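Q: Have a look at this prediction, sequence included:
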Amino acid sequence: MIPAPAITSTTSPTPVSKYQGSEGRSAVVEVRLRINADFSQVAGDIEGFKSNLSLALSQSAGVDDDRVLVRSIFQGSVIVDLIMLDRPAGAESVEPAAAVAVQTLEAKLEQKSITWPPPLQAVMAGGASIEAKAIRTMPMSSLEALKRSGDATIYRTPIPGWSPPVGCSCVEGLGVTSGCAEHKQVKPPWCLVNAECQEAMGGSWGIWAWCRESSTSSGREQTSYILRTASTAPTQLAPLTHIGIVALTAASL
């Protein structure tokens, strides 16, 4: 075992997040947003969709754009799980608290009063609604890991019991490992495939296809995460607690 380095007086203090809450925790609101559109409308550029949506939602809620974190995207219309961070710490902050910001956003969605930017107008034409929400507190370390995951490449290990369509093979690509997994926080599991795959679709990461669950699968195992950045060597990132949004109801907030 390699001994831990001694702490000296030259050690720099740990930076404090502007969203720092009491005892290193912060209040957040978890939200599930359902967009009435076909998933194929966003499948070609998931990253662009996430970026445009995060910016549009933050502007509509009256908060800084770094307070809206898109957690994952599902097929089934287009379902987006996101987190609204609480307002920055400090008495000078005039931004609304997370719960108030979500209420403002929900009202505007119901009234269809949001002016969507051109890249989102087609996919948002059918409307959108918040179908689940809940308030909770999260450790600042988990929030910081979520923020880093949006700026770095997360390589996920394949999920047992899932396989590509018949006649297709999973391949490795830029930022995406080979195998069926919830790459890039997109669900259900998918993978990049060979060009000969009959069910292949084009996207910003390459040619891909949805994977299928085997009827003999005994259940999905926990996905492991490895965070890689340009400035650091690969390090293990402890899996974050799943937000459990499926069990939430619209009356949770």
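A: Happy to help now that I have it. Numbering: from 1, shown residues only.
Q: From now on I want contacts and neighbour counts done on CA atoms only, so please keep to that.
A: Noted.
Q: For Ser72, give the beta-bridge partners.
A: Asp81 (DSSP bridges).
Q: In the chain, where is pLDDT below threshold?
A: Scanning the chain for pLDDT under 70 picks out the ranges 1-23, 89-93, 148-156, 215-253.
Q: which of the residues in stretch 162-176 are buried?
A: By neighbour count with 16 or more other C-alpha atoms under 10 Å, stretch 162-176 contains the buried residues 162-165, 168-171, 176.
Q: quick one: the strands in this protein?
A: Along the chain, the segments classed as strands by DSSP state E run 25-35, 68-75, 78-85, 128-139, 153-156, 162-163, 170-171, 186-187, 190-193, 208-210, 212-213, 225-228, 235-236.
Q: Quick check: which helices or strands does the first one pack against?
A: Taking 3 or more C-alpha pairs under 8 Å, 6 or more residues apart in numbering; DSSP states H and E as the contact definition, the neighbouring helices and strands of strand 25-35 are strand 78-85, helix 98-111, strand 128-139.
Q: quick one, which of these is nearest to Gln59?
A: Across the helices and strands packed on strand 25-35, Gln59 has its closest neighbour in helix 98-111 (9.4 Å, C-alpha to C-alpha).
Q: Contacts for stretch 114-122, please.
A: Outside stretch 114-122, the residues within contact range by C-alpha atoms under 8 Å, 6 or more residues apart in numbering are 49, 52-53, 56, 60, 108, 124.
Q: Format these as TSV; extra columns: distance to Val102 and neighbour count.
A: Below are those laid out as TSV (distance: C-alpha to C-alpha, whole Å; neighbours: other C-alpha atoms under 10 Å):
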residue	distance to Val102	neighbour count
Phe49	20	17
Asn52	18	16
Leu53	14	20
Ala56	13	19
Ser60	10	19
Lys108	10	16
Met124	18	19
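Q: Tell me which two of those residues sit farthest apart.
A: Phe49 and Lys108 (19.8 Å).
Q: still on that earlier bit, ranking the helices and strands packed on strand 25-35 by burial, who's on top?
A: Among the helices and strands packed on strand 25-35, strand 78-85 has the highest mean neighbour count (mean count of other C-alpha atoms under 10 Å), at a mean of 23.
Q: what angle sits between it and strand 68-75?
A: Between strand 78-85 and strand 68-75, the angle comes out at 160 degrees (axes from the mean of the first three to the mean of the last three C-alpha atoms, to 10 degrees).
Q: Could you name the helices and strands sitting against strand 78-85?
A: strand 25-35, strand 68-75, helix 98-111.
Q: rerun at 7 Å
A: Contact partners of strand 78-85 among helices and strands, from 3 or more C-alpha pairs under 7 Å, 6 or more residues apart in numbering; DSSP states H and E: strand 25-35, strand 68-75.
Q: Go through the last one and flag the buried ones.
A: Neighbour counts using 16+ other C-alpha under 10 Å place 68-74 of strand 68-75 among the buried residues.
Q: related to what we said a few turns ago, which members of the buried residues of stretch 162-176 define the maximum pairwise distance?
A: Across those (C-alpha to C-alpha), the longest gap, 17.9 Å, separates Pro165 and Val176.
Q: Going by the annotation, which residue ranges form each domain of this protein?
A: As assigned by automatic domain parsing, the chain contains the domains 24-140, 152-239.
Q: check contacts around Ser129.
A: Counting by C-alpha atoms under 7 Å, 6 or more residues apart in numbering, Ser129 makes contact with 33-35, 109-110.
Q: for Asp64, same thing?
A: Asp64 neighbours (C-alpha under 7 Å, 6+ apart): Ser58.
Q: One more: Gly203?
A: With C-alpha under 7 Å, 6+ apart, Gly203 has these contacts: 43-45.
Q: thinking again about what came up before, adding distance to Trp208, write the contacts of stretch 114-122 out as TSV.
A: Shown next, in TSV, are the contacts of stretch 114-122 (distance: C-alpha to C-alpha, whole Å):
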residue	distance to Trp208
Phe49	17
Asn52	22
Leu53	23
Ala56	27
Ser60	33
Lys108	35
Met124	24
